[in-house]
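**Q** I'll drop the sequence and a predicted model, then ask my questions.
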Amino acid sequence: MVIGVWAYLDNNIGDDLMIKLLAENFQEHTFLLYSDKTVVKNTFRDFTNIVVKSLKEMNDDIEQMKVFISIGGSIFNNLNTLKGKVSRLKRIWFINKLKRKKIKLATIGCNLGPYSDKIGPFLTKVELRKNDLITVRDKESFTLLESFKSIDNYHLADDIVYLLDKRKFTERDDSLGITAYRSLKQDECNYDNYLVLSKMVDQYIERTGKEVKLFAFDSENENDLSAAHHIWDLSKNKQKVRIIPYLGDIERFLKEFSSCDRHIAIRFHGAILSDLFGIPFLPIVYSNKMLNFLNDNEHKGDIIMLKDLKMSNINVEEIVKKLISREALFYSKNSSKKSKSHFAELRNLINQ
């Protein structure tokens, strides 16, 4: 069966992992991805059941699709700007076209919001009403779905990335991993964030003698590589700091990530992967998806808001002390999450 896929394609390890797992769990089907970025074609070049096509080809391919899937965590987070609302209206128009062709629609693995006005939830409801299946990954999103009338066949499950087979990622060292993050918001405080993180890097190295790895989860438009290089440049102990970019090689990146003994997780999937691999982490929150994850898992330890990550607000010495001792970090003794229903329900839909 030919299945169309809409996803966030920016050489982002979190979203690419969801697509990888989708393709591996449904090897009997062919998935059509749409992007004009050549790096996307490179990332999925070895997947025999994934075809990356140009955006202009999507309309021409509708006749051969039986199912159209929207997959990704933050696919409803762009509804707080006029540009985002206009883009969503165009998307709803396209979904209406799919619906008229009797194509089954599924939105899986997402969270809803945050929203700054009533238009965002309204457009979300209009779109999701047209879906035959919806799965979300946090309780807040599930509660919002319950409030929408005329929507059924929706399910709550932990993030899709928990389906990753972790058995081959077992090597550990005493290194500290940091998911570098570059905010795109107009009121960003990026340099302040980089400065604080560089101080944490230096103190950790000076107190332990161990390596620090800076992970760039997104190497295209969001450009975590810029953040990583700033932190490295501000550090006094550059010889003990390594930058690990995600450039499409999922296995290599995960091997480096899973080898760390503790993490500072700013990226949402930095938290998910840390939990999956059983690595304690300090959460630094830049969006509601991280807060929802921490709340759903009843985290009682330290939380730092990204907007507060400034030298005037942060006691670097105290934080590094907790990182070394693992005090007040997020650590789940049981990372066996309930995430199978995303694909189980999708399989039911496909087989109908």
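**A** In hand now; what should we look at?
**Q** so what's Gly73 up against?
**A** Counting by CB atoms under 8 Å, 6 or more residues apart in numbering, Gly73 makes contact with 14-15, 18, 109-111, 137, 159, 268-269, 289. Yep, even glycine has a C-beta here, placed from its N, CA and C like the rest.
**Q** isn't there a helix covering it?
**A** No. Counting by DSSP: H, G, I helix; E, B strand; the rest coil, Gly73 is not part of a helix but coil.
**Q** so how far is Ser259 from it?
**A** Plainly put, Gly73 is 25 Å away from Ser259 if you go by CB to CB, to the nearest Å.
**Q** Which ones among the contacts of Gly73 map onto strands?
**A** 109-110 (DSSP state E).
**Q** can you pull the contacts of Ile279?
**A** Each residue near Ile279 by CB under 8 Å, 6+ apart is listed here: 177, 258, 260-263.
**Q** at 10 Å instead, please
**A** Contacts for Ile279 (CB atoms under 10 Å, 6 or more residues apart in numbering) come out as 172, 177, 257-263, 265, 270, 273, 326, 329-331, 335.
**Q** Neighbours of the closest residue in space to Leu349 that isn't next to it in sequence, how many?
**A** Once flanking residues are discounted, Leu349 sits nearest to Leu133: 4.8 Å by CB to CB, 6 or more residues apart in numbering. By other CB atoms under 10 Å, the residues close to Leu133 number 22.
**Q** correct me, but Leu133 touches Ala157?
**A** No. Assessed by CB atoms under 10 Å, Leu133 is found out of contact with Ala157, at 12.0 Å.
**Q** So for those two, which residues contact both of them?
**A** Taking CB under 10 Å, 6+ apart as the criterion, Leu133 and Ala157 both touch 108, 342, 345.
**Q** For Lys310, give its distance to Leu195.
**A** 8 Å.
**Q** Ile71 too?
**A** 36 Å.
**Q** for Leu294, same thing?
**A** For Leu294, the distance to Leu195 equals 25 Å [CB to CB].
**Q** what do you get for Arg347?
**A** In terms of CB to CB, Arg347 sits 48 Å off from Leu195.
**Q** quick one: which of these two has more around it?
**A** Taking neighbours as other CB under 10 Å, Arg347 and Leu195 compare with Leu195 leading, 17 against 12.
**Q** Now name the helix or strand holding that one.
**A** Using DSSP states H and E, the element containing Leu195 is helix 190-208.
**Q** What of Lys255?
**A** Per DSSP H and E: helix 250-258 holds Lys255.
**Q** Just name whatever secondary elements that helix is in contact with.
**A** Where contact means 3 or more CB pairs under 10 Å, 6 or more residues apart in numbering; DSSP states H and E, helix 250-258 is packed against helix 13-25, strand 176-180, strand 212-216, strand 241-245, helix 268-276.
**Q** change it to 8 Å
**A** Under the contact definition 3 or more CB pairs under 8 Å, 6 or more residues apart in numbering; DSSP states H and E, helix 250-258 sits against helix 13-25, strand 212-216, strand 241-245, helix 268-276.
**Q** List of residues touching the third one?
**A** This points to strand 241-245. The contact list for strand 241-245, computed with CB under 8 Å, 6+ apart, reads 201, 205, 211-216, 219, 224-225, 228-229, 231-232, 235, 253, 256-257.
**Q** and the protein, what are its domains?
**A** Per the record, the chain has its domains at 2-159+337-351, 176-325, by automatic domain parsing.
**Q** Give the rounded mean pLDDT of the last one.
**A** What that stands for is domain 176-325. What domain 176-325 shows for mean pLDDT is 96.
**Q** What of the longest one?
**A** Along domain 2-159+337-351, the predicted confidence averages to a pLDDT of 95.
**Q** Would you mind writing the ChimeraX command to select the buried ones in the contacts of Ile279?
**A** The following ChimeraX line selects those of those that are buried, judged by 16 or more other CB atoms under 10 Å:
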select :177,257,258,259,260,261,262,263,265,270,273,329,330,331,335
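**Q** Strands of the chain, residue ranges please.
**A** Remark: strands assigned in the chain by DSSP E are 2-6, 30-34, 50-53, 67-71, 104-110, 133-136, 154-156, 176-180, 212-216, 241-245, 262-265, 281-285, 304-305.
**Q** I'd like those strands as JSON lines, with distance to Lys168 appended.
**A** JSON lines is the format used below for these (distance: least, CB to CB, whole Å):
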{"stretch": "strand 2-6", "distance to Lys168": "26"}
{"stretch": "strand 30-34", "distance to Lys168": "24"}
{"stretch": "strand 50-53", "distance to Lys168": "22"}
{"stretch": "strand 67-71", "distance to Lys168": "24"}
{"stretch": "strand 104-110", "distance to Lys168": "23"}
{"stretch": "strand 133-136", "distance to Lys168": "27"}
{"stretch": "strand 154-156", "distance to Lys168": "29"}
{"stretch": "strand 176-180", "distance to Lys168": "18"}
{"stretch": "strand 212-216", "distance to Lys168": "19"}
{"stretch": "strand 241-245", "distance to Lys168": "18"}
{"stretch": "strand 262-265", "distance to Lys168": "19"}
{"stretch": "strand 281-285", "distance to Lys168": "21"}
{"stretch": "strand 304-305", "distance to Lys168": "32"}
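**Q** That'll do, ta.
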